[in-house]
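A.B. asks: just to be clear, the model below is a prediction. Sequence and coordinates:
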Amino acid sequence: MLIRTLHSHCNILIALSAFSDIFLLGGLCVKFFIFLFGINYITLEHCYYIQFVSLSASTFALTIQLCIGLDRLAGVAFPIWYKINGKYTVFKILIGICLIKVIVDKCVQFYANSKHWETLVRCELADPANQPEIINYTRNNTMVINVAELLCYVMIWLITWCRDAQIFSEDHGKRLLLSLSLIMAINVFFYIGAIAAVRQSFSFAGNSQYLNLEYRCAFRATFWPRNVVTTVQHISQRQNIVTNIRSVANS
């Protein structure tokens, strides 16, 4: 019964997660379609409305991943209740949580983006969610959901082991252990990978010394708005002047 309760309505949640990923992946390609028309930047207002469906799907997909973990945890922690009538109740509650989360995030994003409608962006999927007013909300929200999802599978592993330690010596128990381990590893890997990708983009666009100066200047000239490039150039010139003054003073 413990193993069978891991399936049932959870498959519907997995199917909904896969369906929402279709729109999420579509949103990642928007900027490339814009580039095809020779446009490097559009206003944040236009980007917000273009990416509205993809942003909603992104929030839904992220939340439903946590809900899948909660559904499996409920099935393992309360197998008898879950099998009789709990799976319907849990399913309705989890779908409600996903919808409420999407509505709340859309309201927060609209409030933050409305203050920067004229800002020029490349219309990446993350642009409307990374405005100054909500960037901390977005980061903390993502971190909490990822950690909570990981904890769900850790709890499933612990509950299964505490109830029947011999289950992992059986064939179906080994498959369960492998499945849980892979899910936890994938969760950690992609979360760390996202941080690494953001760090890399900061290195390309910032004043980091990890990259060649000519490369960073070419990157800014190609991808940054002209007013931003001018500002960065002035800042770089001032930094060079300050560095030269300090060198002369030390000598």
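C.D. replies: On my side now, so go ahead.

A.B. asks: nearest residue to Val121 other than its sequence neighbours?
C.D. replies: Asp127 (4.4 Å; CB to CB, 6 or more residues apart in numbering). To be clear about C-beta, it is placed using only N, CA and C from the backbone, and glycine gets the same treatment.

A.B. asks: now do the helices in the protein.
C.D. replies: Secondary structure of the chain (DSSP state H): helices located at 10-28, 30-36, 44-50, 52-77, 79-81, 87-113, 135-163, 171-205, 213-223, 226-250.

A.B. asks: mean pLDDT lowest where, among these?
C.D. replies: Lowest mean pLDDT within the helices of the chain: helix 226-250, at a mean of 53.

A.B. asks: so who does the nearest residue to Leu13 once chain neighbours are set aside touch?
C.D. replies: Excluding its sequence neighbours, the residue lying closest to Leu13 (CB to CB, 6+ apart) is Ile68, at 4.9 Å. Counting by CB atoms under 8 Å, 6 or more residues apart in numbering, Ile68 touches Cys10, Leu13, Ile14, Ser17.

A.B. asks: which of those sits closest to Ile95?
C.D. replies: Closest approach between these and Ile95, by CB to CB: Leu13, at 8.3 Å.

A.B. asks: contacting residues for that closest one?
C.D. replies: Ile64, Cys67, Ile68, Asp71, Phe91, Leu94.

A.B. asks: any of the contacts of Ile68 buried? List them.
C.D. replies: Buried members of those, counted by 16 or more other CB atoms under 10 Å: Cys10, Leu13, Ser17.

A.B. asks: and the last one, what does it touch?
C.D. replies: What that stands for is Ser17. Neighbouring residues of Ser17 by CB under 8 Å, 6+ apart: Ala61, Ile64, Gln65, Ile68.

A.B. asks: how close does it sit to Val121?
C.D. replies: 28 Å (CB to CB, to the nearest Å).
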